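Q: need coordinates for the below:
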Amino acid sequence: GDGGPGGGVAVAGGWADTAAHSLPALTEARAWTVVYHLQQQDTKVTGSTLERPYVGNIQYYNNTDEEISAITLAAEYCEQSIAFSCYRSRLLNSPSGLPFAWWLGRDSEKHFYWGDASPGIQRCSCGMDRGCADPKYYCNCDADYGQWKYDRGLLKFKEDLPVTKVVVGDTNRSNSEARFNVGPLRCYGDGGSWNGATFMEGNYMVFPPFNSGPSVDISLYFKTTSSYGVFLENSGYWDFIRLELKSERVVMFSFNVGDGPQELRVEAPEPLNNDSWHFVEAEINVKFARLRLDEGPWRVLEAPPQSYVSLRLERPLYVGAAEYRRAAFFGCIRGLRMNGEIVDLEGKARLTEGAVAGCQGRCSEPGVLCQNGGRCVERYSTYTCDCNASAFDGHYCQKVIGGYFEAGTYVRYSFQSMFTAAAQEFASMMLPISSSFNSTSDEIVFSFKTSQPPSVLMYISSFSRDYLAVLINHDGSLVLRYQLGSFANPYTRTLVKENVADGRAHRVNITRKDRDIYTQVDEDPVVWERISLWGDKNFDSPKSIFLGRVLDVGVQDTEIQRFNTPGFTGCLAGVSFNGIVPLKAALRTDANQTVLVQGELVESNCGAPPIILSDVLIADDPWALQPDTPHFGSDSLTGAVIGVIVAFILFAALALAALLYLYYHRHKGSYNTNEAKPLDPPARPKPAAQKKELPQIQEETKGE
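A: Predicted coordinates:
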């Protein structure tokens, strides 16, 4: 922070050279594109105020603003040094809240962060770690000392570069002076390949028409989970180009260059909607058109003799869907080049509803509700939760899967098929246990509820003498037993001394990493212990998981037999061992036949309280009924039939009432007098209510 006027920056270009040497690996290993400007020397500033600031213009050699922006856009990394030296000249410390100095970047946008600070905050490099001359401030110059200080560093956010102006506004006091220096713009690498956008809501980006000239050369990367979608389209009165995912295996390039509509198709051996990156290239010239997918061969279509000179495309270029948002693409497109020029998808995404800069989907957004180890599966327009590796079920993996065990019921999950297990059993008698089956860490989670001790909750056997057991003792206490290695006495710990066979639900979490064991029951604090250093840390060759009771062939601890009778009676739920979910496999289809259920096992949630999910916007909730989704029973045809039936019943009832009324009054009049009296006119039944035709609910076919 101390030094001469600028602390070493007073020499023209001296500071820029120092910055270059601060990154020797980068400067030696990469080829840099360097754009110089006319103001390489330090610029001295005095007599400026906020009302009348000094504005220093940075003019670059032989490059327009558009050309420099194209350099930064196409680069992987850019940097530009900036230094501010001060003698009683403040930089950011302004009583009115407005900084005394700032710089302007691309598109003349103001920036209040200085070298090595993060964009969007008013700090200098020293302010990032509170290491400034005065810790109360975020820049050395803000201390306002009567000695030379400096704030310097590299600007690395390439979207803001290059520096076009520097504004200084606090050099009007006695002996106040400031100097600034801006280095050349330096860039390297190809960053255009990662300039991309994610399309989530069926919208498109609009660009000016593509002026192709005598040839068309298009390339892009895409990934999606949809089976179709238009990458881009540009059309004129007759001519057009369109590049699209036609089906889950086919990419199509269609065009009209004056010879009539043409199509090129490339079919992939595997589905393309696998959420992996795929590369597409399309080209048209006066000799041929061709299309290629990934590293496959070119599909070529020769041009007819009377071919075009240049495409005439008057309408806008649409990226992400066809015109009028037809065949919308859901997924990510990056590295779009048209005739060698990068199309700035990131910049346009910031201005387009339903698009996000960069390649990210719904799974990267906050508030994703996949729970209990469920994996978020990207769908871009929405998301789903994969619960295969979770002990839970439901849309969000929030539904607990449990089972009620009658006395004597047990579940056995085999890590291998019965044939393989038998072969392994035989091999274990003949040969030492293979180390490839060893486990040095375990993760166990489950819940239980019972009123009858003792019992075996979980027992994991092996082809060796190793085992793991979670037991309820005769007095109702909860016990963990770990047998690792050949020691006679297993590691034993009482997890809960009180009676857990109290008819209430309890949750158990056990984690082992080598010799360290962490346990937690319900909301109690986590307890850590370490297995003796003399004990083995490997769980050798796990064989089976038993729930409720143990019936195993081979070496077995006689102590376990004390807990086996009469067997567990109660409920187990959410059972998981190292990502294996034996109870879920037993209650769902088990194609590998690795689960055996003996006795009566009834699926139950074990009295678990309902999961309360946080509020989700309808647009973000893939399972919420959308406003245009027809509800059961709202079909207009069904409503019309029901209306006719109701009207007929009402009409019949009214007609029957009228007939009874006439019959009753005819006999009643003959009792009062012999004089003939005219009968009252029959009561006319009320007309049935006119049936209103329900509006038809149109189901709109939506893309994913």
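Q: now residue 336: which helix or strand?
A: Using DSSP states H and E, residue 336 maps to strand 331-338.
Q: who touches that strand?
A: For strand 331-338, contacts defined as Cβ atoms under 8 Å, 6 or more residues apart in numbering pick out 192-199, 210, 212, 216-226, 229, 231-232, 275, 319-320, 342-343, 345, 359-361, 380. In short, each C-beta sits where N, CA and C put it, glycine included.
Q: that strand: partners in the sheet, and parallel or antiparallel?
A: strand 196-199 (antiparallel), strand 216-224 (antiparallel), strand 341-342 (antiparallel) (DSSP bridges).
Q: pull the distance from the shortest one to the chain's centre.
A: Chain-centre distance of strand 341-342: 28 Å, with Cα atoms, centre = their mean, to the nearest Å.
Q: now that strand: average pLDDT?
A: Mean per-residue pLDDT for strand 341-342: 89.
Q: where do the helices sit along the stretch 251-400 of the chain?
A: 345-349 (DSSP state H, counting those that start in this stretch).
Q: in it, where is pLDDT below threshold?
A: 306-309, 367-368 (pLDDT under 70).
Q: just to revisit the earlier point, could the C-alpha coordinates of the strand holding residue 336 be exported in CSV?
A: Once non-C-alpha atoms are left out, strand 331-338 reads as follows in CSV (Å, rounded to 0.1, in the frame of the first residue of the first chain):
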residue,chain,number,x,y,z
GLY,A,331,-32.5,-28.1,-22.9
CYS,A,332,-29.2,-26.4,-23.3
ILE,A,333,-27.5,-25.0,-26.5
ARG,A,334,-23.9,-23.7,-26.3
GLY,A,335,-21.0,-22.8,-28.6
LEU,A,336,-23.4,-21.8,-31.5
ARG,A,337,-21.2,-20.5,-34.3
MET,A,338,-22.6,-19.2,-37.6
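Q: ok now it, how far from the chain's centre?
A: For strand 331-338, the distance to the chain centre is 19 Å (Cα atoms, centre = their mean).
Q: and residue 598, what are its bridge partners?
A: According to DSSP bridges, beta-bridge pairing links residue 598 with residue 410.
Q: swap that for residue 243, please
A: residue 232, residue 253.
Q: isn't it up against residue 253?
A: Yes: Residue 243 lies in contact with residue 253 (Cβ atoms under 8 Å); the separation is 5.3 Å.
Q: what touches both of the two?
A: residue 282.
Q: with neighbour numbers in mind, choose between these two.
A: residue 253 (28 against 25; other Cβ atoms under 10 Å).
Q: verify the stated contact: that one with residue 293.
A: No: checked against Cβ under 8 Å, the pair residue 253 and residue 293 is beyond contact range at 10.2 Å.
Q: hang on, residue 560 in a helix?
A: Yes: Residue 560: assigned to a helix according to DSSP: H, G, I helix; E, B strand; the rest coil.
Q: residue contacts, it?
A: 456, 459, 467, 469, 471, 481, 550.
Q: which residues of the stretch 101-250 of the chain fall in strands?
A: Using DSSP state E, counting those that start in this stretch, the strands of the stretch 101-250 of the chain run over residues 101-104, 110-111, 149-155, 165-168, 177-182, 185-188, 196-199, 205-207, 216-224, 229-235, 240-245, 250-256.
Q: also the stretch 351-500 of the chain?
A: Counting by DSSP E, counting those that start in this stretch, the stretch 351-500 of the chain has strands at residues 355-357, 375-378, 383-386, 392-393, 399-400, 402-405, 410-414, 441-450, 455-462, 467-472, 478-483, 491-496.
Q: closest one to residue 656 among those strands?
A: strand 399-400 (52.5 Å; Cβ to Cβ).
Q: what packs against that closest one?
A: strand 392-393 (3 or more Cβ pairs under 8 Å, 6 or more residues apart in numbering; DSSP states H and E).
Q: pLDDT below threshold where in the stretch 1-150 of the chain?
A: For the stretch 1-150 of the chain, the ranges with pLDDT under 70 are 1-29, 94-96.
Q: helices along that one, start to end?
A: Using DSSP H, counting those that start in this stretch, helices in the stretch 1-150 of the chain cover 14-21, 24-29, 65-74.
Q: the stretch 451-600 of the chain too?
A: Using DSSP H, counting those that start in this stretch, helices in the stretch 451-600 of the chain cover 558-561, 582-587.
Q: in a markdown table, list these along with distance to residue 177.
A: What follows is the helices of the stretch 451-600 of the chain, written out as a markdown table (distance: least, Cβ to Cβ, whole Å):
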| stretch | distance to residue 177 |
| --- | --- |
| helix 558-561 | 85 |
| helix 582-587 | 74 |
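Q: contacting residues for the nearest residue to residue 526 once chain neighbours are set aside?
A: For residue 526, ignoring the flanking residues on the chain, the nearest one in space by Cβ to Cβ, 6 or more residues apart in numbering is residue 520 at 4.7 Å. Residue 520 sits next to 508, 509, 526, 527 when contact means Cβ under 8 Å, 6+ apart.
Q: which strand residues bridge the last one?
A: On DSSP bridges, the residues paired with residue 527 through beta bridges are residue 519.
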